[in-house]
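# one predicted model, sequence on top.
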Amino acid sequence: MTERTGRLRKAAALVLGATLALGITAPAALAERLVIVMDPPSAETNRFWETSGDLALGPAMQTLVGNDPRTGEFDNSGLAESWEHNEDFTRWTFRLHPEARFHQDWGPVTTADVVHSYDLHTGEDSILTGINLLRGAELEVQDEHTITFVLPEPRPNFLFAHGGRGIMVIYSKAQYEAEGIEGYDRRPAGTGHFEFASRSIGEGVVFSAVSDHWSGTDATVSELAIRYVSEPSTKLAMLRAREAQIVALPRELQPEAVDAGFAIVSSTNPAMQTAFMFNNLYPPDVDGHNPDLPWLDVRIREAINRSIDREVLMEVLYDGRADTLVRFMMDPLNEGYAPELAERFEAAYGYDPDRARALLAEAGYPDAFADPVIPIVSTTLGGNPEFPVMAELLQVFMDEVGLQTELREMDWGTLGGMARARTAYVLRPMRNAPIRPTEVGLRVFFSSHGRPINFYEHETVEALLAEMATTIDAQARDELGRAAFTHLFEDYSDIPIAAVAYEIAVDPDRVAGWDFPGATAIGLSHWHLIDLVE
Amino acid sequence: MIRFALSRLAQVLFTIWAITVLVFALSHATGSPLDTLLPDDATPEQIAALTSRLGLDQPYHIQYLRFLGSALQGDFGDSLRWRGEPALGLVLDRLPATLSLGGLAVLISLAVALPLGVVAATRKDSWIDLLARAIALLGQAIPAFWLGIVLIWVFAVWLQWLPTSGQGGLRHMILPAIAIAWFQIAALVRLTRSAMLDVLDTEYVKLARIKGLAESRVVWKHAFVNAASVPLTYFGILAGSVLTGSIVVETVFSWPGTGWLAIEAIRGRDFPVIQAVVLFFAVIFLAANYLVDLLYAWLDPRVRHG
Amino acid sequence: MASIAPPLAPRKARRAARRRRPPIIPLALLLVVLIVPALAADLIAPHDPYQSHLRNRLQPPAFWGGSWEFPLGTDRLGRCMLSRILHGAWYALSISMVGIAIGAALGSAMGLIAGYARGLTDVVLMRLADISFALPAVLLVLALGVAWGPSLQAVLIVVAFVLWAQFARQVRGEVLSLRERDFVARARVAGAGHLRILLRHILPNVFNTIVVMATLQIGVIIILEATLSFLGIGIPRPAPTWGLLIADGRQFITSAWWISFFPGLAILLVVLSINLLGDWLRDRLDPRLRQI
């Protein structure tokens, strides 16, 4: 209470003082201070486990496993120095970097902190994404720096929970015991190259660089101010006015920034896949099956895919800097990659309005359909400013071949609620960011394991995934994933759109470069590698 | 007088109660907090756990009574979107930002609109009158968000006089305050000008002129004082609209005040915060009106018995 | 008419004469920008407003280096801006007309009843008006938009909600003083019922107020729709409402300014002419109303 009145008084004093200060220019910014502008995260809190998984504390907090800044592959730049698993992926043992230390003198990182963090992240109140990969483990502490996760079933993709998706961040047990949860709310101690300095709700978070970081490398930037700005034109203006040096700018505005002399820096690997989903592709006996959905007919699904000129789509949505996606959830770096599908893509999915019209005629569209109108969802989601344009473009293409469409605007939450009720009878945009391991992605979205929100169910995929769950041989797993992708490809289970890198616009007078792999949930990572202009 | 005050107080309390029902219904009409809190791939266990933790499995009337009971004690519960923050605390924390911005906007609009309206009326059909009328029109015809973006480009990007956005002192407040004041200026100029025209036409002012008083004295001392009641009445409405007026501008200038908080809370289905923001402002608005009513009644006995 | 006035007439008289003359220019503007396009956009628009010309995205207007195929340029999906603005007129006209009609009818009825009945009815109705003053309208529509998704109905409800209390207060105030006037007393003595007194004697006397207030609200409503579009809860896409056009073009203010400029100009011209018309109407009907 006293704090609040104090703050009120401070605000009043500020207004008075500022009146006098008008005309005096702001003090010149520190040479090493950088302002980074991003979309507001879905939740502003220091309690990561009470968010759906945007790690807004990336510069300060670390997970057990890190990623290579160029390839995105898992490496030991996180808190674990090394790890190993048994033959059937049910025991994973991690050895911590012995020199790793928490900020603010909260001591070295030990296995007690790992156990504490595991309990926080898998507790009742955890709403984290992909939690099934983490839950259900027994933790065996071997010593101060060695810990084993004993899993109830084989989890070959267990590392994805620690690097990549990174849903288990290591918090300090000592701080929790001394200060309680309020200590985390105020100023959580992490282990990253930057430490948490302050958070202003609605404005952003400030981090300051740690000197003599335990990893042996230090950041070049001394202070990182992350600002949350949702309005795209304001973001561009901040860049142009040189108030911000790094801005997550929608692709539509990037050409303007480039024309004004700013540079675009991309993640070294694709950070995200985008697609439009045919919702509720279920067999007749499954809850949520709706016989009136026109896209239950595979010819309609093919016709829709054929109606889209993906070249134009890439140009309009991503300024030409994106790869056409062959299969949603399939990635060259992951299991089950089927290169032959890329070769077959043009023949099966290529732009061919005549073929689309012929398919529609063959299917008897629209007369043979109870409800031929296809609703397309237009929605916005932080990090995907292209979704509304994508919906409008899809409508343009579909109208062209004679499909009847209707644009339906709704927010992401409403869409999620409908999906959970299994009544989202629409075509909807979807993203896969960070790109999930094959088995995880297929289980959640293309099989009954993902109920209630899965898009697709089919006995072939169910059988393949059931087999995959018990298969530990790498080559056999690869074949199973490949078979599943091939089935989905041939069944036109969705409308794959693009694999895109995470891009930021930077002020080339201040920032020389930044290697980040695009492997994390928010796209950005490796904040200490921001390379300043000398 | 006491009878009047008590009966009006009873009416105000009833109104507030009606608003609590409305706000409760409205916030629940926006859907479920589960929709925005949970990730796309939430498991059935996560859905069930969150539902019961938020008490959403209770019947509506129980949820309402719980909300009313704690709201009476000033407790709106913890925010769902900003974990670890009490809802009312969030509102109070954001309040200075909105009040200072809204206050500056009102100051700017008074400082511009009153003199302009008065001068426009005294020199009817002169260039300054035309200017005043043009401003009144432009203020009604330009959406605040668009004006805000244009202001950012002109004053922050091209001229580099002021910062684009964010908080941090008076320099940061000027552009958003102008964007908010724009519409108010239009309305106030219009009102002041027409009220002055009416007063300048009265016998009373003509008499003052005949008596040979200096024109500036006639205008400011005699006419304006009489005309001022009209814009000042409107000023009350203006002050009440600080929240509404700032919602859009706060977004454009990324100025996290209560307007921004309200939008984000609705988008996030953050029931406790929605309820706290709306009720807080409704209570303030009603309390201010109640005081004004009492003041009128005290000044003018006829009102009490009317 | 004006030519009849003697050349040496005092300025004041000349001005008064000018005021009585129907304002030709605002009327013409209104016809050209709003009414004709609203009724006949299909006939005069050069293109289908929903048709994308993807090879012609972000084309500038003809006089700014573009071609006459798209006189006012194109948007980010290559749609003809002129056609979109012309088709948008229908939405501007219908939302403001329907929304204001609902709000004015509801508010005036409430005001009439409250002012005439007084007592408990008055108290209840005015507290209802307080509620709608105390609840910020933008938040209301945001909640409705989130609940139902953006829709024309939600926008109309909010327009009506924003307006009704204002009409109710104004009308009630006038009715309170009218009901004490002689002609009402005379009607009552003559045995007229309450409904007859309200409709035949009081309503005609407040009608001017209602008309003038309604006229002046049109601009407010068009701007409100633009604000709702900015927040993503206006009339749903792809309907080319002027508000949506401005909101969609705001990102391109420096690179493709025409996307938001021309719809903005259309709003400006409509609000300008409606205000001039409203002023004229007010001076004709009831000069006392200057203060609304």
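In hand now; what should we look at?
# please count neighbours and contacts with C-alpha atoms only from this point.
Will do.
# and the helix or strand hosting B:Leu34, is it in reach of chain A?
If you go by DSSP states H and E, B:Leu34 is part of helix B:33-37. Yes. Residues of helix B:33-37 contacting chain A under Cα under 8 Å from any Cα of the partner chain: B:Leu34, B:Asp35, B:Thr36, B:Leu37.
# got those as TSV, with distance to A:Asp88, pLDDT and neighbour count columns?
Shown next, in TSV, are the residues of helix B:33-37 next to chain A (distance: Cα to Cα, whole Å; pLDDT from 0 to 100; neighbours: other Cα atoms under 10 Å in any protein chain shown):
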residue	distance to A:Asp88	pLDDT	neighbour count
B:Leu34	36	86	26
B:Asp35	37	83	22
B:Thr36	37	82	25
B:Leu37	35	85	25
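# got these as a markdown table, with distance to A:His528 columns?
What follows is the residues of helix B:33-37 next to chain A, written out as a markdown table (distance: Cα to Cα, whole Å):
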| residue | distance to A:His528 |
| --- | --- |
| B:Leu34 | 36 |
| B:Asp35 | 35 |
| B:Thr36 | 32 |
| B:Leu37 | 31 |
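# closest one of these to A:Pro291?
B:Asp35 (26.1 Å; Cα to Cα).
# which one of the residues of helix B:33-37 next to chain A is nearest to A:Ala484?
B:Asp35 (29.9 Å).
# which parts of the stretch 1-150 of chain C sit against chain A?
Within reach of chain A by Cα under 8 Å from any Cα, the stretch 1-150 of chain C has these residues: C:Gln51, C:Ser52, C:Leu54, C:Leu77, C:Val146, C:Ala147, C:Gly149, C:Pro150.
# from the residues you listed, which ones fall inside helices?
C:Val146, C:Ala147 (DSSP state H).
# following the strand or helix carrying B:Gln63, which helix or strand shows up next?
B:Gln63 belongs to helix B:60-72 when assigned by DSSP H and E. Under the assignment DSSP H and E, the closest C-terminal helix or strand after helix B:60-72 is helix B:87-122.
# ok, back up a step: which strands and helices sit next to the helix holding B:Gln63?
Applying 3 or more Cα pairs under 8 Å, 6 or more residues apart in numbering or on different chains; DSSP states H and E, one finds that helix B:60-72 contacts helix B:2-29.
# buried sites along the helix it packs on?
B:5, B:8-9, B:11-12, B:15-16, B:19-20, B:23-24, B:26-28 (16 or more other Cα atoms under 10 Å in any protein chain shown).
# and of those, the nearest to chain A?
The nearest member of the buried residues of helix B:2-29 to chain A, counting by Cα to the nearest Cα, is B:His28 at 12.9 Å.
# now the residue positioned nearest the centre of chain C: closest residue in space, sequence neighbours ignored.
Nearest to the geometric centre of chain C sits C:Ile218, at 1.2 Å (Cα atoms, centre = their mean). Of all residues beyond its chain neighbours, the one nearest C:Ile218 is C:Ser96 (5.6 Å), with distances taken as Cα to Cα, 6 or more residues apart in numbering or on different chains.
# thinking again about what came up before, which single one of the residues of the stretch 1-150 of chain C next to chain A is nearest to chain A?
Closest to chain A, out of all of the residues of the stretch 1-150 of chain C next to chain A and judged by Cα to the nearest Cα, is C:Gly149, at 5.1 Å.
# need the contact list for that closest one.
Counting by Cα atoms under 8 Å, 6 or more residues apart in numbering or on different chains, C:Gly149 touches A:Glu409, A:Met410, A:Asp411, C:Ile233.
# same question, A:Leu464
Counting by Cα under 8 Å, 6+ apart, A:Leu464 touches A:Leu480, A:Gly481, A:Ala483, A:Ala484.
# that one should be in a helix, yeah?
Yes. Counting by DSSP: H, G, I helix; E, B strand; the rest coil, A:Leu464 is found in a helix.
# residues from the stretch 151-292 of chain C in reach of chain B?
C:219-220, C:223-224, C:226-227, C:230-231, C:246-247, C:250, C:253, C:264, C:267-268, C:271-272, C:275, C:290-292.
# now a ChimeraX select for only the buried ones of those.
In ChimeraX, a selection of the buried entries from these looks like this (16+ other Cα under 10 Å):
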select /C:219,220,223,224,226,227,230,231,246,247,250,253,264,267,268,271,272,275,290
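# filter the residues of the stretch 151-292 of chain C next to chain B by proximity to chain A?
Counting by Cα under 8 Å from any Cα, C:Arg250 from these sit close to chain A.
# the residues of the stretch 151-292 of chain C next to chain B in helices, which ones?
C:219-220, C:223-224, C:226-227, C:230, C:246-247, C:264, C:267-268, C:271-272, C:275.
# tell me the one of the residues you listed nearest A:Gly441?
The closest of those to A:Gly441 turns out to be C:Phe230 (Cα to Cα; 34.8 Å).
# verify the stated contact: the closest one with C:Gly249.
No. C:Phe230 is beyond contact range of C:Gly249, at 10.3 Å (criterion: Cα atoms under 8 Å).
# from the contacts of C:Gly149, pick the one nearest A:Gly204.
Distances from A:Gly204 to the contacts of C:Gly149, taken by Cα to Cα, are shortest for A:Asp411, at 23.3 Å.
# now that closest one. Nearest residue, chain neighbours left out?
A:Thr379 (5.4 Å).
# next one: A:Gln273
Using Cα to Cα, 6+ apart and skipping the chain neighbours, the partner closest in space to A:Gln273 is A:Ala499 (4.4 Å).
# ok, residues contacting the helix or strand encompassing that neighbour?
Applying DSSP H and E as the criterion places A:Ala499 in strand A:494-506. For strand A:494-506, contacts defined as Cα under 8 Å, 6+ apart pick out A:239, A:245-249, A:254, A:257, A:262-278, A:301, A:305, A:310, A:314, A:321-328, A:518, A:523-524.
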